[in-house]
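S.K.: need a 3D model of the sequence below.
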Amino acid sequence: MAALRSPRFQPSPKTTIPALLPCLLMAGLLAATSAFAQPPKADPNEFVEIGGYVLSRDGKPVPDVRFFRSAAAGSVLVAAAPIEGVVELVPRGRSMRIYPSSDFVPGDEGIWNRKPSAQPTKSGDFEIVGQLPRFQHDGAAYSMSIKPPLLGPTTQKDIVAYDPTWGTRAKLYEPFAQHLNPLFQVEEPVVVKVFFGSWCNHCQDMVPKIFKLEQQLVGTPIRFEYHGLPLDIQKDELAKQFEISGQLPFGVIYVDGEEKQRVQGLSWRFPDMALNQALAVARSAD
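M.R.: Numbering: from 1, shown residues only. All right, here's what the predicted structure looks like:
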């Protein structure tokens, strides 16, 4: 049967995703990661974990680094083993402050709360080099950079290893029972191939929700495959084959090995609903 397109899942007019990352001047960096889709809060002491960056010390990558951002203050925390304490980079005045680790209390998933009584033990400033921050500490030069995009076939496990915050966001999503329950009744093999960009803000928001759906559907004949795209989508041969030029995430749904539906862009805001409706449309056309 030929691939079906219902009005609900009709691909939007093609739009080109700009082949560039968000502007990463300090203010841009600190506002770029909107994956939790939370409105700014008034509390400057609440920090949400962000990902997609690496920290280097004298040009060598530092392992096990965590980054957090305050939506209210616009500042970023850097927690890294070579640094005793937690570094706060404040965009206003480009000031750097170092706090004792004990001044921060883990809250809900991906949240750190700074104690109101917190006092920095050291302070200084930082500079912007190549649109990203660089600072000095104990005679060493530290710099932030963007991780290279995750490319090609990959798995949920690999994506979370690349950026742990995607796993945190997956935990925050709860599929709707009315959409999830029919998926447990699916008997034929279904494959959902998800094209995404690790650099894409919409993907950072929606693909973790697909992760949660995949976790819920373990044991069913529904499985998911992931394919990371470069900034210039047209450089990916599979993307050209599927004529993908925008509206990420882009999902291709197969039933019994035959393509039945495509779901893209904001339709993945509720992946359980999107997949349930796509399969219902495919069944109704058989």
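
S.K.: check contacts around the nearest residue to Pro61 once chain neighbours are set aside.
M.R.: Closest residue to Pro61 apart from its sequence neighbours, by C-beta to C-beta, 6 or more residues apart in numbering: Val54 at 5.6 Å. All C-beta spots, glycine's among them, are computed from the backbone N, C-alpha and C. Residues near Val54 by C-beta atoms under 8 Å, 6 or more residues apart in numbering: Pro61, Val62, Val65, Met144, Ser145, Ile146, Lys147.

S.K.: can I assume the first one is in contact with Leu55?
M.R.: What that stands for is Pro61. Yes. Applying C-beta atoms under 8 Å, one finds Pro61 in contact with Leu55, separated by 7.4 Å.

S.K.: out of the two, which sits in the busier spot?
M.R.: Neighbours were counted for Pro61 and for Leu55 using other C-beta atoms under 10 Å; Leu55 has more, 22 against 10.

S.K.: confirm that that one lies within a strand, as I assumed.
M.R.: Yes. When classified by DSSP: H, G, I helix; E, B strand; the rest coil, Leu55 is found to be part of a strand.

S.K.: isn't it right up against Tyr142?
M.R.: Yes. Under the criterion of C-beta under 8 Å, Leu55 makes contact with Tyr142 at 6.1 Å.

S.K.: shared neighbours, these two?
M.R.: Val62, Val78, Ala80.

S.K.: could you find the closest non-adjacent residue to the second one?
M.R.: With sequence-adjacent residues excluded and distances taken as C-beta to C-beta, 6+ apart, Val78 is closest to Val87, at 4.2 Å.

S.K.: the one you found: which element?
M.R.: Using DSSP states H and E, the element containing Val87 is strand 86-90.

S.K.: for stretch 222-241, output the C-alpha coordinates as CSV.
M.R.: Only the C-alpha atoms of stretch 222-241 are listed here, as CSV (Å, rounded to 0.1, in the frame of the first residue of the first chain):
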residue,chain,number,x,y,z
ILE,A,222,6.9,-1.0,18.3
ARG,A,223,10.5,0.1,18.2
PHE,A,224,12.3,3.4,17.5
GLU,A,225,15.4,4.2,15.5
TYR,A,226,17.2,7.5,15.7
HIS,A,227,19.3,9.3,13.1
GLY,A,228,21.3,12.5,13.9
LEU,A,229,21.6,15.2,11.3
PRO,A,230,24.3,17.7,10.6
LEU,A,231,23.6,21.5,10.7
ASP,A,232,23.5,21.4,6.9
ILE,A,233,20.8,18.7,6.6
GLN,A,234,21.3,18.2,2.9
LYS,A,235,24.8,16.9,3.6
ASP,A,236,23.2,13.8,5.0
GLU,A,237,22.4,11.2,2.3
LEU,A,238,19.5,9.7,4.2
ALA,A,239,18.0,13.1,4.7
LYS,A,240,18.2,13.7,1.0
GLN,A,241,16.6,10.4,0.3
